[in-house]
Structure formats: C-alpha cells, structure tokens
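Trainee: pasting the structure only:
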C-alpha cells in the first residue's frame with residue numbers, strides 16, 4: 001500500500017514537472033484581427049474597387065429602368081389609342097395589336113431587369129467574399145511570420161467572440177500583443193494615395 005502511494009506521488013510529480021516544462025516552452029501572443037482588418041490599407045482599396053463596381057451596376061440598372069419607363073409609357077399610349085371609338089374597327093384592331101407588341105417588349109425588359117439585378121447582387125457578394133478572403137489570407141500570413149520570428153507557439157485573436165458572444169480571450173496584459181507590429185509590416189508598402197493611418201497602440 002505504501003509502495004503504491006509512493007508510486008502515485010512520483011507519477012504526480014513527473015506530470016507536474018512535464019506540465020511546468022510545457023508551459024515554460026509555450027509562448028502565447030495575442031492579436032486583434034478586427035483592428036488588422038480595419039487598418040490594413042488593402043481593405044480600403046478593396047472597398048473602393050467594390051464601390052466602383054456597384055456604382056457601375058447601379059448606372060446600368062438606372063439606364064434599364066429609364067428604358068422600361070419609356071416602353072411602359074409607349075404601351076399605355078398604344079393601349080389607350082386602341083380604345084379610340086373615333087377610328088374604324090379595323091384601325092382599333094391594328095392599334096390593339098401594336099399595343100400587345102409594346103406589352104411584350106415591356107414584359108421582356110422587365111424580366112431582363114430582374115435577371116440583371118439578381119446577377120449583379122450575386123457578383124457583388126462573390127467579389128466581396130473573394131476580396132475579404134484574400135485580405136484575411138495575407139493578414140494570417142503576416143501574423144504567422146511575426147509569430148515564428150518571435151518564437152511564439154500560439155497566437156490568439158483578442159477581438160474574437162464565441163457563439164455566445166463572449167470574448168474568447170478573457171484577459172491579456174497586452175505585453176505579448178503583436179497587432180501593431182503586424183500592422184506596420186502589412187502597411188509598409190501602402191501607396192501614399194491610400195492615406196493609410198499609422199498604427200495606434202491600444203495600450204494605455
């Protein structure tokens with residue numbers, strides 16, 4: 001019995017020693033992905049490109065709507081003319097056929113507008129998602145490089161939240177936060193025209 005107790009104590013001491021050693025070897029850093037996304041100059045560049053694309057779609061959509069209004073007015077006038085009792089029955093029939101032709105044009109254009117709007121929205125969402133994925137990929141690469149160069153084994157997102165909207169990192173002294181260092185690296189090649197702001201430390 002005494003031997004079992006001694007063995008258990010030895011095992012416990014070994015486990016504690018291993019845990020202590022592992023803890024000493026593990027360097028953990030924090031980073032704010034929210035800040036990196038907000039301050040990385042390529043995000044504003046991507047947003048500007050997306051805005052220009054959206055404005056282009058809006059311009060085309062507006063032109064189509066103006067054309068639709070014109071054709072709708074033409075149809076209304078043709079339909080009204082087909083009921084004119086001052087003309088002969090044969091003329092009214094002729095005008096009725098003309099109105100029907102106008103109506104077909106209106107309906108065709110209406111379907112084209114609906115297809116255009118649906119396609120434009122899908123393309124904008126796809127473009128937005130691709131741009132964001134690319135930016136996140138570049139940020140992660142920069143974070144990984146900075147972590148490796150500083151010997152960190154793990155980097156946690158201090159701005160992240162769980163599905164319960166609870167911060168993933170409940171406490172951090174900020175001493176191992178590499179956000180500003182990564183941001184400086186990311187914005188090192190930012191064109192002057194982007195007006196990329198210099199990193200501002202969150203530390204107080």
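Mentor: Okay, I see it. Nothing here was measured: the structure is a model prediction, and the numbers come from that model. Numbering: from 1, shown residues only.

Trainee: now do the same for residue 30: helix, strand or coil?
Mentor: Under the three-state scheme (DSSP: H, G, I helix; E, B strand; the rest coil), residue 30 adopts strand.

Trainee: cool, and residue 108?
Mentor: For residue 108, the assignment made with three-state DSSP gives helix.

Trainee: for it, give me the pLDDT.
Mentor: Looking at residue 108, its pLDDT is 97.

Trainee: neighbours of residue 186, how many?
Mentor: Neighbour count of residue 186, defined by other CB atoms under 10 Å: 24. Where you see a C-beta, it was placed from the backbone N, CA and C, and this is true even at glycine.

Trainee: same deal with residue 62?
Mentor: By other CB under 10 Å, the residues close to residue 62 number 10.

Trainee: again, but for residue 51
Mentor: With other CB under 10 Å as criterion, residue 51 counts 10.

Trainee: could you do the one 10 residues further on as well?
Mentor: Counted with other CB under 10 Å, the burial measure for residue 61 works out to 14 neighbours.

Trainee: swap in residue 77?
Mentor: Neighbour number of residue 77 under other CB under 10 Å is 12.

Trainee: what distance do you get for it to residue 108?
Mentor: Using CB to CB, to the nearest Å, we find residue 77 at a distance of 18 Å from residue 108.

Trainee: shaky segments in this structure?
Mentor: 1-25, 193-204 (pLDDT under 70).

Trainee: and residue 86, what element?
Mentor: Residue 86 belongs to no helix or strand when assigned by DSSP states H and E.

Trainee: need phi/psi at it.
Mentor: With angles defined as degrees, to the nearest 10, residue 86 sits at phi -80, psi -10.

Trainee: residue 114 and residue 138, how far apart?
Mentor: 37 Å.

Trainee: and the two? Which one has more around it.
Mentor: More neighbours surround residue 138 than the other of residue 114 and residue 138, with 14 against 10 (other CB under 10 Å).

Trainee: which helices and strands does the host helix or strand of that one pack with?
Mentor: Using DSSP H and E, residue 138 falls within helix 89-149. The contact analysis (3 or more CB pairs under 8 Å, 6 or more residues apart in numbering; DSSP states H and E) places helix 89-149 against helix 33-39, helix 41-81, strand 154-157, helix 179-186.

Trainee: winner for burial among those?
Mentor: Of all the helices and strands packed on helix 89-149, helix 179-186 has the most neighbours on average by mean count of other CB atoms under 10 Å, namely a mean of 21.
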